[in-house]
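> Based on what follows, work out the 3D shape:
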Amino acid sequence: MKLTLAVIGKLKESYFLAAEAEYTKRLRPYCTLAVTEFKDEAAVLAALPATAQLYAFDERGTSMSSAAFSELIGTEQLRGGGAPVWFAIGGADGHSDELRKRAKKLISFGQLTIAHRLVRLLVIEQLYRAFKILRGEPYHRD
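Presented below is the predicted three-dimensional model:
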């Protein structure tokens, strides 16, 4: 399964880069994850394939459990080699109405305000957790 994580801005802090590299490495047996950094949301929308299944992390979205998120990943996996699957994380100001309307689903990490650099790591960790749940492998605890 190929996934794209579209993010606004560059990750500069070495500790965030190390954590991202670790979880990206852990994901290799399960999927191919491309983390793509964009200057702004207009660049994301321009690069987004017309057929892509887009999921946007947004404060207006639905809060999900890890198990529900794994079901979402499982559904996309069952759909097979069709449309690309993209996840989008906005910049400090969040997403535009245009991107939110384009998204298949808006997903929230709750009502807390979380720095987008941290959300980036949370998304990658949750992708790893989702694949572990789907395969019934140890990592996730209910």
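> Run through the protein and note the low-pLDDT ranges.
Flagging of the chain using pLDDT under 70 yields the residue ranges 81, 140-142.
> Helices of that one, residue ranges please.
14-27, 41-47, 66-79, 97-102, 116-134 (DSSP state H).
> contacting residues for the residue most central in space within the chain?
Taking C-alpha atoms, centre = their mean, the centroid of the chain lies closest to Phe87, which sits 4.0 Å from it. Phe87 is in contact with 3-6, 54-57, 123, counting by C-beta atoms under 8 Å, 6 or more residues apart in numbering. C-beta: built from backbone N, CA, C; applies to glycine.
> one more time with 7 Å
Neighbour list for Phe87: 3, 5, 55, 57, 123 [criterion: C-beta atoms under 7 Å, 6 or more residues apart in numbering].
> And the buried ones among these, selectable in PyMOL?
Those of the contacts of Phe87 that count as buried under 16 or more other C-beta atoms under 10 Å are selected in PyMOL with:
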select buried, resi 3+5+55+57+123
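> how about the contacts of Phe87, which pair is most distant?
Leu3 and Phe57 (13.5 Å; C-beta to C-beta).
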